[in-house]
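Novice: Please work out how this folds:
(3 chains)
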Amino acid sequence: MQLVTLSTIVGWLTYSALLSLMALGVTLLYRTTKIANFAHASFVTVGAYVTYTLTITLSPNPYVGVPVAFVLVGVIALLLFYAVLEPMRRRNSSTVMLMIATLSFDIIMLGVMNIHADYLTNVYVLPSRNVLLSGSDFKFMGEPGLLFVALGTLALCSAALYLLLNFTTLGIALRASMENSSLSEAIGINVSMMLAVSWFIAGGLAGIAGALIPLWTLINPNVGTLLLASMFCVSIVGGLEQTYGAVLGGFLLGLVDVVGTSVLASLVGPWVAFYEPVIPLLVLSATLIIAPRGLAGLRVRRGK
Amino acid sequence: MGNLLQVKDVKRSFGSLRALDGVTLNVDEKTVTILIGPNGSGKTTLINVITGLQKPDEGHIYYVSTEITGWSPQQIYRTGIARTFQIPSMFGKLTVLENLLVAEKNHPGESFTKSLVKRLWAKHERDAVEKASRILQLLGLFEQSNMPASLVSGGQMKLVEIGRALMSDAKLYLLDEPVSGVNPTLAHEIFARIIGLREQYGITFFIVEHRLDIALQYVDYVNAMVSGRLIAAGPPEQVINDAKVIEAYLGA
Amino acid sequence: MTPLDQVILFVVDLLALLAVYLIINIGLNIQEGITGIPNFGIVLAVAGGAYITGGLSTRLAVSLLRVQTNLDPIFNNIAVLHLVNPILRSQPPTAIAMLVLFLIIGSLAGALMGLISSAPAVRLREDYLAITLLAFGEILNVIGIGYKPLIGGPIGVNLPDIFGWAGQYRFYVGTFVLLLVAAAIFAYAGYLIKTPFGRTLKAIRDSEIVARSLGKDITRYRTTSILLGSLLCGTAGSLWVLYSGAVTPTYARFDWTFLPWLMILLGGIGSNRGALVGTVVFVALNKLIVYYKYAFVGILPFDIVWLNYLLLGIITILILIYRPEGIVREKVTAPKLNLSAANKEIQSS
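Specialist: Numbers count the residues shown, from 1 in each chain, chains lettered A, B, ... in the order given. As a prediction, the model looks like this:
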């Protein structure tokens, strides 16, 4: 009996690539702004609906949404930063308050996305919930094109991020403000702008991931919300001190999740699939208990 | 009278910085000792290591012949050693009185289950409040008892620090610059009270202090530290006139 | 129903919702306001209380009332309740005893959920705790929908008619019980703050390092706080399903995590009276908005409930920016020294 099929592997790689793209943003924001961004859920959802809306109204090519989503969600992230977080930062709000702010923004966007979906259905008479675009995907070597696009995009974005952070003035300034924001401020780095850049990038990455989702699973206005717990799990498991931990975490979690569920289902029965959302939490708990440092290594308490 | 605290050859580094480079000193019971030294000589690190906030890389620490090296801060506190911080940290939203009450040891009301039955802790609480108010009187903080601690002045915060330490009924007090930022009259008064406590309750004090003009007349012993090492220890007149000490203070 | 009846029913329903939310908000306030633990996953405890009460109540009623049947309490829920309810309706004391039993079970379920979600993270920094608690909050819905034997899957099940003996006054009695429990919990919360235990929780919130150097076992205090807060959330979830008579696996983050945070923020984090004020203001306002939203149906091409999301999200952000301390500031509840009396005593000694 073959427990692990080719399609399981394809599923694992695809899911992991998407998760990694999302978690890269989560980790980046955590390192710069020191908070967990609840609004990442809606960043992803917006990306998903950009693709979907474009595909059913304008262009049949489902990948057209990717660059559009990158820019749009990046801008939305900037909106959250400048309209909400910056004013709060200037008033010295605590991290908890900032997190509630991102949660509130997420709620607003959830409302907006639902209104958008209702609009599509009621005004344009188009389906907007429980919709799936995988049928529009191309095939390459017998496998869904999404596999290659997702992996390729992840590789491209990781490389771009790496180049940015290590070889550009902007990137080095960004890293400096991650390490020590007050010192960076003192030597003339515009920390506020650095933060804005990180929000744009994180939002853009989430937008890209979101834009690819309709090709993989059916979407609803809560698609991002359902994935939020997994995104956070991936970030923590990967280790929050290193931005690339997100990629490690993504592939590990994807492995346990997709391959693990598939194997269990073959062994025990298909009902196991219902409990798949529990898996990220189990992995998260195990990580926090056994190795709170995450895969990339992390000091849990700053200073001793 | 015997040795209360023994520090033997304690070393502690932070990366390449050798904060403590083999410190050995003894503190006798019922004495008042001050520790002097230029900034960066390792005084606060020594206190941190003794009280368990940091672990020594090498060396041993003994309290009344029990080895306490590597113990946690909670354990050390329970053993009867109390400390204050150089930069006072308040429980900001609690009142000055409450700040002291939290320091009370073994309060039955602090256990969740016992807190449910008021009768089990009411008396202890009354006694603690009485003790705290006496300490606040002693420190001149009585008027501020009901103020949120975040609203008192910097000098007053130092006094709250000391008050918290005094609540613990400890036998050994490690005070880190207890009167910096406090006006000289009050500083003298505090030192006088410290001597009084030593006389009355047999408490031992080990104090990091810069203000020799005030402190010197009250102390039994002076220890001097430079670059993570003890360079002199003994009665005040002896140490003050020690060549190495003069050089350390007047030199670089 | 006369218009007066309608109004009364509206008020009664409002009060019931108020009571449930007040309990949850106090539970959240104990964790965040008093101990400084940002629990973004209280939905887990609320849902835990709701699901366990919903799932077990029929089963327990069958065995405790010695009802003879081979039917499954979950899958043949309606039929089984057909046998159980007449007994409860005719024996008020038994019904009340069952109510208490179900409440206890629901509360313990809530506490258990709190324990499970806090265990991995209670030693860690507060933002780790926040993320972990949020992640765990999402989990129970999944189990509720997937594991049919728990509450019958997506459709849910009904509960035994605990208030049925009151006949047409069922909802009044129900609301009264809810308000009673809420009042008791509110009173307890006020007492808690005045105890040394409560004081230590606040100290840990204000400065963990100093609390640790004073010998306090931080992990134990935090765990106790989460357990207590989660227990209360479980109580609320349990009360709600007992009052409504049914349970479905739709415990959304919006209703049971975001809204409680908004309410305690509105009222003023850290203050119990603030929790009360925030709950009252919000529930009343929200009910009115919902009531009048029907005026907009048909005008806008989308479901009005989403406007609610927009409005509340924006309001929360405005509060966070312009008045983060909320309406009621944290009250000083310390034992106060009577300065003049004490002065006299000192002078005479």
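
Novice: C-alpha only now, for contacts and for neighbours.
Specialist: Fine.

Novice: In contact with residue B:10, which residues are there?
Specialist: Contacts here follow CA atoms under 8 Å, 6 or more residues apart in numbering or on different chains; on that basis residue B:10 touches B:20-24, B:56-61.

Novice: Which of the residues you listed fall within strands?
Specialist: With strands defined by DSSP state E, the entries of the contacts of residue B:10 inside them are B:20-24, B:58-61.

Novice: Just give me the closest of these to residue C:31.
Specialist: Distance to residue C:31 across the ones in strands among the contacts of residue B:10 (CA to CA) is lowest for residue B:61, with 38.6 Å.

Novice: for chain A, what spans make up the helices?
Specialist: Ranges of helices in chain A, per DSSP state H, are A:6-33, A:40-57, A:65-79, A:86-90, A:95-123, A:145-167, A:169-179, A:181-186, A:191-212, A:223-238, A:245-254, A:260-268, A:278-290.

Novice: count of neighbours near residue A:163?
Specialist: Residue A:163 has 12 neighbours, counted by other CA atoms under 10 Å in any protein chain shown.

Novice: I'd like to know how far it sits from chain B.
Specialist: Shown here: residue A:163 relative to chain B, a distance of 30 Å by CA to the nearest CA, to the nearest Å.

Novice: Need the pLDDT of residue C:347.
Specialist: The pLDDT attached to residue C:347 in the predicted structure is 48.

Novice: Kindly apply the preceding question to residue C:141 instead.
Specialist: Confidence score, pLDDT, at residue C:141: 66.

Novice: Tell me if I'm right that residue A:114 and residue A:221 touch.
Specialist: Yes. Contact status for residue A:114 versus residue A:221: in contact at 5.6 Å, counting by CA atoms under 8 Å.

Novice: So for these two, which sits in the more crowded spot?
Specialist: When neighbours are counted by other CA under 10 Å, residue A:221 comes out ahead of the other of residue A:114 and residue A:221, with 26 against 23.

Novice: contacting residues for the more buried one?
Specialist: For residue A:221, the contacting residues are A:45, A:110, A:113-114, A:117, A:129, taking CA under 8 Å, 6+ apart as the criterion.

Novice: Kindly report the same for residue C:309.
Specialist: A:107-108, A:110-111.

Novice: about what we covered before: export the helices of chain A to CSV and append columns for mean pLDDT.
Specialist: As requested, the helices of chain A are arranged in CSV below (pLDDT from 0 to 100):
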stretch, mean pLDDT
helix A:6-33, 90
helix A:40-57, 93
helix A:65-79, 95
helix A:86-90, 90
helix A:95-123, 90
helix A:145-167, 88
helix A:169-179, 83
helix A:181-186, 78
helix A:191-212, 93
helix A:223-238, 87
helix A:245-254, 89
helix A:260-268, 81
helix A:278-290, 80
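
Novice: so can I have TSV of the ones you listed showing distance to residue B:118?
Specialist: As requested, the helices of chain A are exported to TSV (distance: least, CA to CA, whole Å):
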stretch	distance to residue B:118
helix A:6-33	44
helix A:40-57	47
helix A:65-79	52
helix A:86-90	42
helix A:95-123	34
helix A:145-167	59
helix A:169-179	49
helix A:181-186	48
helix A:191-212	51
helix A:223-238	42
helix A:245-254	50
helix A:260-268	53
helix A:278-290	37
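
Novice: Can you lay out those helices as TSV showing distance to chain C?
Specialist: Listed next are the helices of chain A as TSV, based on distance: least, CA to the nearest CA, whole Å:
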stretch	distance to chain C
helix A:6-33	10
helix A:40-57	12
helix A:65-79	13
helix A:86-90	6
helix A:95-123	4
helix A:145-167	24
helix A:169-179	17
helix A:181-186	19
helix A:191-212	17
helix A:223-238	5
helix A:245-254	14
helix A:260-268	15
helix A:278-290	6
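
Novice: which residues in chain B form strands?
Specialist: Using DSSP E, the strands of chain B run over B:3-14, B:17-28, B:32-36, B:58-63, B:66-67, B:81-83, B:172-176, B:204-208, B:221-226, B:229-234.

Novice: just for the stretch 51-200 of chain C, where's the confidence low?
Specialist: Within the stretch 51-200 of chain C, the segments meeting pLDDT under 70 span C:125-127, C:138, C:141-142, C:144-146.

Novice: can you tell me the residue of the stretch 151-252 of chain B closest to chain A?
Specialist: At 18.1 Å from chain A, residue B:151 is the closest residue in the stretch 151-252 of chain B, using CA to the nearest CA.

Novice: list the contacts for that residue?
Specialist: The contact partners of residue B:151, by CA under 8 Å, 6+ apart, come to residue B:92.

Novice: How about the residues of the stretch 51-200 of chain B by chain C?
Specialist: Residues of the stretch 51-200 of chain B lying close to chain C by CA under 8 Å from any CA of the partner chain are B:53, B:73-75, B:77-78, B:89-95, B:97-99, B:102-103, B:107, B:109-112, B:115, B:133, B:142-143, B:145-146, B:148.

Novice: make it 7 Å
Specialist: Proximity of the stretch 51-200 of chain B to chain C (CA under 7 Å from any CA of the partner chain) is limited to residues B:73-75, B:77-78, B:89, B:91-93, B:95, B:98, B:102-103, B:109-112, B:115, B:145-146.

Novice: Let's see which of the residues you listed end up in helices.
Specialist: Assignment to helices by DSSP H places the following of those there: B:73-75, B:77-78, B:98, B:102, B:112, B:115.

Novice: Farthest pair within those?
Specialist: Using CA to CA, these reach their maximum pairwise distance at B:73 and B:115, which is 24.7 Å.

Novice: Quick one, which of the ones in strands among the contacts of residue B:10 are buried?
Specialist: For the ones in strands among the contacts of residue B:10, a neighbour count by 16 or more other CA atoms under 10 Å in any protein chain shown gives the buried set as B:20-24, B:59-61.

Novice: so which residue of chain B comes closest to chain A?
Specialist: When scored by CA to the nearest CA, chain B has residue B:54 as its residue closest to chain A, at 7.1 Å.

Novice: okay, now that residue: neighbour count?
Specialist: 18.

Novice: need the contact list for residue 227.
Specialist: Just going to use chain A. For residue A:227, the residues meeting the contact criterion (CA atoms under 7 Å, 6 or more residues apart in numbering or on different chains) are residue A:41.

Novice: that's the wrong chain, I wanted chain C
Specialist: For residue C:227, the contacting residues are C:111, C:114-115, taking CA under 7 Å, 6+ apart as the criterion.

Novice: what is the rounded mean pLDDT of the helix or strand harbouring it?
Specialist: Assessed by DSSP states H and E, residue C:227 sits inside helix C:218-244. For helix C:218-244, mean pLDDT rounds to 93.

Novice: Going by neighbour count, list what's buried in it.
Specialist: Judged by neighbour count using 16+ other CA under 10 Å, the buried positions of helix C:218-244 are C:218, C:221-243.

Novice: do stretch C:154-173 as well
Specialist: Using 16+ other CA under 10 Å, the residues of stretch C:154-173 that count as buried are C:154, C:156-165, C:170-173.

Novice: That one spans what distance, first to last residue?
Specialist: With CA to CA, to the nearest Å as the measure, the first residue of stretch C:154-173 is 29 Å from its last.

Novice: can you check stretch C:28-36 too?
Specialist: Note: stretch C:28-36 ends 10 Å apart using CA to CA.
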